[in-house]
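Undergrad: fold the following and give me the result.
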Amino acid sequence: MRTWEDYKLTAQGEDSVFDYVRQGQIQNVLLYLAKHGDPDLVNHKGHSLLMLAAYNGHLSLVHLLLRYGANPNSRDHGGSTILMGVAFKGHNKIAQVLINAGADIHAKNNNGQTALMYAEAFGRKDMALMLTETSPHLRFKGPSAFRRLKAVFQLLQSPFTNKGVLHHE
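TA: Residues are numbered from 1 along each chain as shown. Next comes the predicted model:
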């Protein structure tokens, strides 16, 4: 006999797996992966399962999806990476896991912004320091009021914040 969750997974298909990831429902994500096996599935906004798990702070799901082969460098339609999203949110442990899995800390989105720029703009000092310690080519410039205001203004104009992960779906 099938469970209700199993039925919902088959009846609703791909859309429900994104809800399961957002909510951190590991068992339902495992059911999806067992049946469909695509850890790099993206929704209509270009958000991958890994991107949503990371952005929502689900460390266990991040580990799971990476074990299933999810791409740590996937991008949304604005070119923003998973690392940019976690830099914005300040999920340091998840950022470190992504970096260890091969996330490109130098990647730029369609507006030329990097994960370090997100970390600096939103006052994520620990994140910014971690990113700069990971790469000798990056420099944390510190949170001067003018630079933070300028960075926030640029980020608010970007597709990542206007159409992407930063807005509720």
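Undergrad: can you list the weak-confidence ranges in the chain?
TA: Counting by pLDDT under 70, the low-confidence segments of the chain come to 1-14, 136-169.
Undergrad: try 50 this time
TA: Across the chain, residues meeting the criterion (pLDDT under 50) sit at 7-12, 145-146, 163-169.
Undergrad: now the helices for it?
TA: Along the chain, counting by DSSP state H, helices occupy 4-12, 14-23, 26-36, 49-55, 59-67, 82-89, 92-100, 115-121, 125-134, 145-156, 159-162.
Undergrad: need the contact list for Pro39.
TA: Shown in contact with Pro39 (CB atoms under 8 Å, 6 or more residues apart in numbering): Leu33, Leu49, Leu50, Leu65, Tyr68, Gly69, Ala70. (Glycine included, C-beta is placed from N, CA and C.)
Undergrad: buried ones among those residues?
TA: When neighbours are counted using 16 or more other CB atoms under 10 Å, the contacts of Pro39 contain these buried positions: Leu33, Leu49, Leu50, Leu65, Tyr68, Ala70.
Undergrad: thought the fourth one was touching Leu49?
TA: If I follow you right, that is Leu65. Yes - if you go by CB atoms under 8 Å, Leu65 and Leu49 touch, sitting 5.7 Å apart.
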